[in-house]
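In: Sequence and predicted model, in that order:
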Amino acid sequence: MAKTRNYDGENVRVRPARTSRPRSKDRPDYSKSTLALVISVDRGRTTCLIESKGLVVTAMKARELGKQSVVVGDQVGLVGDLSGGAGTLARIVKVNPRTNELSRTIDDAEKVEKRIVANVDQMAIVVAATNPQPRHGFVDRALVIAYDQGIKPLLIVTKTDLDDGAKFLQPYKDLEVEIFTTKALNEPSKKSLLRSDGLKDIRKELSGKITVLLGHSGVGKSTLVNALVAEAEQVTGSVNDVTGRGRHTSSAAIAFPLNPGWIIDTPGVRSFGIAHVDSARVIGAFGEFEKIIAHCPKNCSHDEVSCALNDSNFNKSLGEKSKSRLSSLRRMLHSAR
């Protein structure tokens with residue numbers, strides 16, 4: 001027969017509560033972290049320049065940042081080993097607010113953004129006059145992003161020794177976008193492969209600013225960087241004879257000093273989705289049409305017959321330049337949909 005237990009106060013075993021030590025509400029103070037500029041991001045390792053000391057250090061994202069992205073051009077706060085020695089690793093504990101960011105979606109149906117660079121002054125859209133063939137759709141989409149983020153757009157046309165590209169450039173003549181051209185040298189000993197007369201104007205425009213190069217593979221972005229920055233030594237490639245497309249040579253965005261200024265080389269893009277862009281900000285870049293657009297029907301795509309931009313009296317009042325800009329605006333809004 002089982003023995004009956006007596007559960008009086010002396011025999012009861014009181015187990016400790018299953019509570020851990022209360023978490024402190026005092027979080028680490030990173031107000032004295034060292035400010036640095038992100039110049040490259042590759043497979044979780046970030047290269048940063050501490051401009052006040054002229055030191056280049058390798059860092060990684062701290063857990064506190066969570067899913068917040070770190071991209072080239074970011075101003076970040078660093079703690080840890082900032083000596084820059086071999087094998088050392090600092091931590092990125094904060095990312096300062098961005099003035100702008102260049103991002104794209106995988107396609108036009110997906111609104112998940114992939115950020116490429118941040119805090120840039122200019123976007124140089126690089127296209128080849130031929131081989132590979134330039135595409136208006138890509139340039140239009142890049143201009144949409146530039147106008148949306150308040151970034152000054154430039155258009156650089158390479159390989160003009162093969163084709164002058166005049167026909168392709170015609171729609172952009174009235175957009176107040178500065179256009180530059182470069183030609184190749186026929187000297188194998190010259191690593192830059194570009195004529196100095198075309199580079200002089202480009203170098204002057206990029207001086208003292210942070211500029212990102214954007215373009216398809218094979219158009220000559222890395223070749224342009226090598227010509228502008230002697231120490232860059234970016235790998236260059238050729239165009240596939242079958243597909244007519246360039247081969248990827250750059251695997252990640254990287255910034256090079258122009259002294260003064262920075263130039264950011266980016267991997268070639270084949271798809272450039274802009275589903276995340278607000279078309280109203282694109283219209284803001286065409287201020288002369290804002291008043292008439294205010295009379296458009298609600299949710300007007302500006303392609304409908306009822307669009308205020310189709311008003312006959314309004315169209316009669318437009319000059320040739322304004323008509324060209326209106327055509328460009330509609331083409332860009334169509335790209336943004």
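Out: Sure, I can see it.

In: going forward, measure contacts and count neighbours with C-alpha atoms only.
Out: Will do.

In: quick one: low-confidence parts of this protein?
Out: 1-12, 16, 18-23, 106-112, 185-197, 232-250, 270-273, 275-276, 335-337 (pLDDT under 70).

In: The residue nearest the centre of it and residue 114, how far apart?
Out: The residue lying closest to the centre of the chain (CA atoms, centre = their mean) is residue 102, at 3.0 Å. Separation of residue 102 from residue 114 (CA to CA, to the nearest Å): 9 Å.

In: In the strand or helix carrying residue 179, which of the residues would be classed as buried?
Out: For residue 179, the host element (DSSP states H and E) is strand 178-181. Within strand 178-181, the residues scored as buried using 16 or more other CA atoms under 10 Å are 179-181.

In: could those be laid out in JSON lines, adding distance to residue 302?
Out: Below are the buried residues of strand 178-181 laid out as JSON lines (distance: CA to CA, whole Å):
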{"residue": "179", "distance to residue 302": "28"}
{"residue": "180", "distance to residue 302": "31"}
{"residue": "181", "distance to residue 302": "33"}
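
In: which element follows the helix or strand that contains the residue nearest to the centre of the chain toward the C-terminus?
Out: Element membership for residue 102, per DSSP H and E: strand 101-105. Downstream of strand 101-105, the first helix or strand assigned by DSSP H and E is strand 113-118.

In: Who are the packing partners of that next one?
Out: Packing partners of strand 113-118 (3 or more CA pairs under 8 Å, 6 or more residues apart in numbering; DSSP states H and E): strand 101-105.

In: Which strands or helices does the strand it packs on pack on?
Out: For strand 101-105, the contact count by 3+ CA pairs under 8 Å, 6+ apart identifies strand 113-118, helix 136-149 as packing neighbours.

In: Could you identify which of these is most buried?
Out: helix 136-149 (a mean of 21; mean count of other CA atoms under 10 Å).

In: Pull the CA coordinates from the helix or strand just after that helix and hand them back as CSV.
Out: Moving toward the C-terminus from helix 136-149, the next helix or strand (DSSP H and E) is strand 152-158. Presented in CSV, the C-alpha positions along strand 152-158 are these (Å, rounded to 0.1, in the frame of the first residue of the first chain):
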residue,chain,number,x,y,z
LYS,A,152,21.4,64.8,-61.8
PRO,A,153,21.5,62.5,-64.9
LEU,A,154,24.3,62.5,-67.4
LEU,A,155,24.4,60.5,-70.6
ILE,A,156,27.8,59.0,-71.8
VAL,A,157,27.9,57.4,-75.2
THR,A,158,30.9,55.2,-75.8
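
In: ok and strand 152-158 relative to helix 136-149, angle-wise?
Out: Using axes from the mean of the first three to the mean of the last three CA atoms, to 10 degrees, the inter-axis angle of strand 152-158 relative to helix 136-149 is 160 degrees.

In: which residues are contacting strand 152-158?
Out: Residues outside strand 152-158 that contact it (CA atoms under 8 Å, 6 or more residues apart in numbering) are 121-129, 143, 146, 165, 177-183, 219-220.

In: can you give me how far it is from the chain middle?
Out: A distance of 15 Å separates the centroid of the chain from that of strand 152-158, by CA atoms, centre = their mean, to the nearest Å.

In: now stretch 45-52
Out: That offset, for stretch 45-52, works out to 19 Å (CA atoms, centre = their mean).

In: With that, I have no additional questions.
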